[in-house]
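Q: Here is my input; please provide its structure:
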Amino acid sequence: MNIFLTIIQYVGAVSFTISATIYAIQKRADIIGALVFSLLTCFGGGAIRDIAIGQLPPLILVDKDMHFLALVSICVCLVCYHFGFIKKIGRFADRHQHSFLIEFTDSIGLASFVVSGLEVAIEYEKTGFVILVFAGCITGVGGGILRDICSAEIPSVFRKHIYLIPVVIASIFFALTYNKIPEILSLIITIVIIILIRMLAFKFKWNLPIPKTEGYKEQEEKEQQKELCNK
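A: This is a model prediction of the structure:
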């Protein structure tokens, strides 16, 4: 299980780093901005989780494996940024591919970090239902929330493609099943739930209903134009 957890942590870190780097380039951030976005996305949620469950100082500050993971994230970020990652991908894809790339890599990172958060909670014997669900959710989405706040955006978790819903569903599933079926099977199903729902939501533009206040049409048009500019 430790090997499996290590693998998904690295997969999640690389996936989140790629999506955060592309996000930074789209926001016209410099290399320092890209590094900050990447590290926040990868480790911000875990730091919040550790503080909440009483694991002090947070693992990112004391765990050598986490230090190495952060170094890997920084290297991936630097390579992607330096070689113009979006332009390289754009040569082989249509103009919608960039959005798909961000969503897909982000979904993989999201699923990996949710599972990582759940496993850390179990490792420190924080196995209450609410604690497990919270640990999974905040580890998965906390870093993205911090990244969006730093870029002066409303966090996408609150407004786009039912981002939080699959995380909550998957965390609840794991909390209810990890001690009733083989834990590795519960983890795999948890990952599949998140990636499947996230990609279906992206494909079919699923969103939770938003109140139609005055001027909402103009706001929607601005959002659509902004997304087109980012693609």
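Q: List the buried residues in the top helix by length along the chain.
A: The longest helix of the chain (DSSP state H) is helix 97-123. With burial defined by 16 or more other CB atoms under 10 Å, the residues of helix 97-123 counted as buried are 98, 100-122. In this view, the C-beta of every residue, glycine as well, is placed from N, C-alpha and C.
Q: Identify the residues contacting the closest residue to Ile51 other than its chain neighbours.
A: Computed as CB to CB, 6 or more residues apart in numbering, the closest residue to Ile51 that is not its neighbour in sequence is Pro58, at 6.4 Å. By CB atoms under 8 Å, 6 or more residues apart in numbering, Pro58 lies in contact with Gly46, Ala47, Asp50, Ile51.
Q: Which of these fall in helices?
A: Gly46, Ala47, Asp50, Ile51.
Q: hang on, the third one packs against Leu56?
A: Yes: contact status for Asp50 versus Leu56: in contact at 7.0 Å, counting by CB atoms under 8 Å.
Q: and Ile22, how many neighbours?
A: The number of residues packed around Ile22, counting by other CB atoms under 10 Å, is 24.
Q: Quick check: closest non-adjacent residue to it.
A: Using CB to CB, 6+ apart and skipping residues adjacent in sequence, the residue nearest Ile22 is Ile102, 5.4 Å away.
Q: quick one: Ala111 and Ile195 touch, right?
A: Yes: in this structure Ala111 lies within contact range of Ile195 using CB under 8 Å: 5.2 Å.
Q: Now the residue nearest to the spatial centre of the chain: closest residue in space that isn't a chain neighbour?
A: Geometric centre of the chain, nearest residue: Leu110, 3.6 Å, by CA atoms, centre = their mean. Nearest residue to Leu110, sequence neighbours excluded (CB to CB, 6+ apart): Gly140, at 5.0 Å.
Q: How about residues contacting stretch 169-189?
A: If you take CB under 8 Å, 6+ apart as the criterion, stretch 169-189 is touched by 1, 4, 8, 111, 114-115, 118-119, 122, 129, 132-133, 135-137, 190-191, 193-194, 197.
Q: If any of those are buried, put those into a PyMOL selection.
A: Per 16+ other CB under 10 Å, the buried members of those correspond to this PyMOL selection:
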select buried, resi 8+111+114+115+118+119+122+132+133+135+136+137+190+191+193+194+197
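Q: Just the contacts of stretch 169-189: which are in helices?
A: Going by DSSP H, the helices hold 4, 8, 111, 114-115, 118-119, 122, 129, 132-133, 135-137, 190-191, 193-194, 197 from the contacts of stretch 169-189.
Q: chain center to the helix or strand hosting Leu187: distance?
A: Element membership for Leu187 (DSSP states H and E) is helix 183-204. Helix 183-204 has its C-alpha centroid displaced from the chain centroid by 13 Å (CA atoms, centre = their mean, to the nearest Å).
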